[in-house]
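Q: whatever this is, show me its structure:
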Amino acid sequence: MQQRTIGPYSVSAIGLGGMPMSIEGRPDRDRAVATIHAALDAGVTLIDTADSYHLHADEVGHNEELIAQALRSYGGSTDGVLVATKGGHLRPGDGSWTQDGRPEHVKQAARASARRLGVEAIGLYQFHRPDPTVPYADSVGALVELLDEGVIQQAGISNASVAQIDEAQQVLDGRLVSVQNQFSPAFRSSLDELWHCADLGLAFLPWSPLGGIARSGELGTRHGAFQQVADAHGVSPQQVALAWELALAPVVIPIPGASRPASIVDSTHAVDLVLTDDEVTALSHA
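A: Numbers count the residues shown, from 1 in each chain. Here you go, the predicted structure:
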């Protein structure tokens with residue numbers, strides 16, 4: 001599969017977002033593991049997760065443990081797989097989301113994630129979402145300590161503005177490697193952050209790159225231009241959306257969520273879809 005970089009790592013240009021396998025509507029464990037194995041079979045070497053990807057309050061880290069199980073049980077080599085996880089965003093178990101960006105929480109959460117993933121050092125750890133009650137520099141400062149202590153190998157941020165990207169890069173003394181923001185045909189307000197990452201050489205990881213769990217299947221209906229291009233190429237509109245995102249900048253690595261093997265396999269075919277400049281322009285203005 002086509003490769004892109006996160007820091008010194010070379011990873012697949014399409015990653016796997018693990019959230020749908022652990023929250024509302026999640027599949028049974030066998031299907032979830034089969035989905036991860038299908039992604040690995042297709043050449044995916046980036047898997048995204050977070051300690052908050054769970055359903056009930058007493059199962060923090062559900063998705064991390066699921067991914068660790070799938071990697072252990074996979075029949076092939078997983079040496080080149082980069083697991084990226086996040087901390088600082090919480091699910092109390094009532095369907096809501098909260099933040100805890102206190103440095104002591106971020107550091108504790110990272111160590112707990114490493115234990116669940118069964119690794120000595122997390123390949124990529126990202127501060128999940130800014131906490132309005134905690135200075136951003138303090139939260140990111142926890143990543144500095146985690147890097148220096150060897151708990152994590154690389155540091156990233158998520159749901160960040162351009163100003164926060166610059167602040168994080170300053171706090172981390174140039175060691176920021178990735179930004180994970182929402183971006184899709186339906187949600188383009190992170191375009192400035194995407195371009196900023198391209199200028200700085202930071203990996204930009206669009207989450208919900210197909211518009212979200214509930215709406216990804218309706219992408220072609222909601223966005224007719226993507227369906228038109230899909231029809232012209234004989235592929236799914238989901239592949240077109242991912243190919244369009246990949247064409248925007250060489251730092252873009254979409255991480256579509258999946259809960260079925262067929263879904264992630266279809267998504268990986270986007271790396272083979274070559275859009276013309278006119279198609280990319282038309283989709284960008286659609």
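Q: wait, G201 sits on V251?
A: Yes. Counting by C-beta atoms under 8 Å, V251 is a contact partner of G201 at 6.8 Å. For every residue, glycine as well, the C-beta is placed using N, CA and C.
Q: out of those two, which sits in the busier spot?
A: V251 (21 against 11; other C-beta atoms under 10 Å).
Q: my guess is that one contacts F204. True?
A: Yes. V251 is within contact range of F204, at 5.1 Å (criterion: C-beta under 8 Å).
Q: return the helix or strand in the protein with minimum mean pLDDT.
A: helix 219-222 (a mean of 90; mean pLDDT, DSSP states H and E).
Q: C-terminal to that helix, what's the next element?
A: Per DSSP states H and E, the first helix or strand lying C-terminal to helix 219-222 is helix 224-233.
Q: show residues contacting that next one.
A: 185, 219-221, 236-237, 239-241, 244, 273, 275, 279, 282-283, 286 (C-beta atoms under 8 Å, 6 or more residues apart in numbering).
Q: what of stretch 47-67?
A: 15-19, 21-24, 26, 29, 32-33, 36, 39, 81-87, 89-94, 97, 109, 112-113, 116-117, 128, 180, 205, 207, 255.
Q: hmm, back to that, joint contacts of V251 and F204?
A: Shared contacts of V251 and F204, defined by C-beta under 8 Å, 6+ apart, comprise 194, 197-198.
Q: all strands of the stretch 151-286 of the chain, in order?
A: 155-158, 176-182, 203-207 (DSSP state E, counting those that start in this stretch).
Q: and those as a markdown table, adding distance to Q170?
A: Shown next, in a markdown table, are the strands of the stretch 151-286 of the chain (distance: least, C-beta to C-beta, whole Å):
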| stretch | distance to Q170 |
| --- | --- |
| strand 155-158 | 12 |
| strand 176-182 | 9 |
| strand 203-207 | 18 |
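Q: need the ones you listed in TSV (columns: distance to G141 and mean pLDDT).
A: TSV is the format used below for the strands of the stretch 151-286 of the chain (distance: least, C-beta to C-beta, whole Å; pLDDT from 0 to 100):
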stretch	distance to G141	mean pLDDT
strand 155-158	11	98
strand 176-182	13	98
strand 203-207	21	98
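Q: could you export these as a markdown table, including distance to T5 and mean neighbour count?
A: Compiled in a markdown table, the strands of the stretch 151-286 of the chain are given as follows (distance: least, C-beta to C-beta, whole Å; neighbours: other C-beta atoms under 10 Å):
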| stretch | distance to T5 | mean neighbour count |
| --- | --- | --- |
| strand 155-158 | 13 | 26 |
| strand 176-182 | 9 | 24 |
| strand 203-207 | 7 | 26 |
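Q: report the mean per-residue pLDDT for stretch 126-145.
A: Looking at stretch 126-145 alone, the average pLDDT works out to 98.
Q: what comes up buried for that stretch?
A: Buried residues in stretch 126-145, counted by 16 or more other C-beta atoms under 10 Å: 126-131, 134, 136, 139-144.
Q: contact partners for A34?
A: P261.
Q: same check on the one 5 residues further on?
A: A39 makes contact with 16, 47, 258, 264-265, 268 under the criterion C-beta under 8 Å, 6+ apart.
Q: tell me how far it lies from T45.
A: For A39, the distance to T45 equals 9 Å [C-beta to C-beta, to the nearest Å].
Q: next: E193.
A: 24 Å.
Q: do the same with S236
A: Note on S236: its distance to T45, by C-beta to C-beta, is 22 Å.
Q: secondary structure element for R129, which one?
A: Assessed by DSSP H and E, R129 sits outside every helix and strand.
Q: surely it meets S158?
A: Yes. Counting by C-beta under 8 Å, S158 is a contact partner of R129 at 6.3 Å.
Q: now W244. Nearest residue, chain neighbours left out?
A: Distances taken as C-beta to C-beta, 6 or more residues apart in numbering put L283 closest to W244, at 4.7 Å, once the chain neighbours are dropped.
Q: and that neighbour, how many neighbours?
A: L283 has 22 nearby residues by other C-beta under 10 Å.
Q: just list the residues touching it, thanks.
A: L283 sits next to 185, 225-226, 229, 240, 244, 275 when contact means C-beta under 8 Å, 6+ apart.
Q: make it 10 Å
A: L283 is in contact with 185, 223, 225-226, 228-229, 240-241, 243-245, 247-248, 275, counting by C-beta atoms under 10 Å, 6 or more residues apart in numbering.
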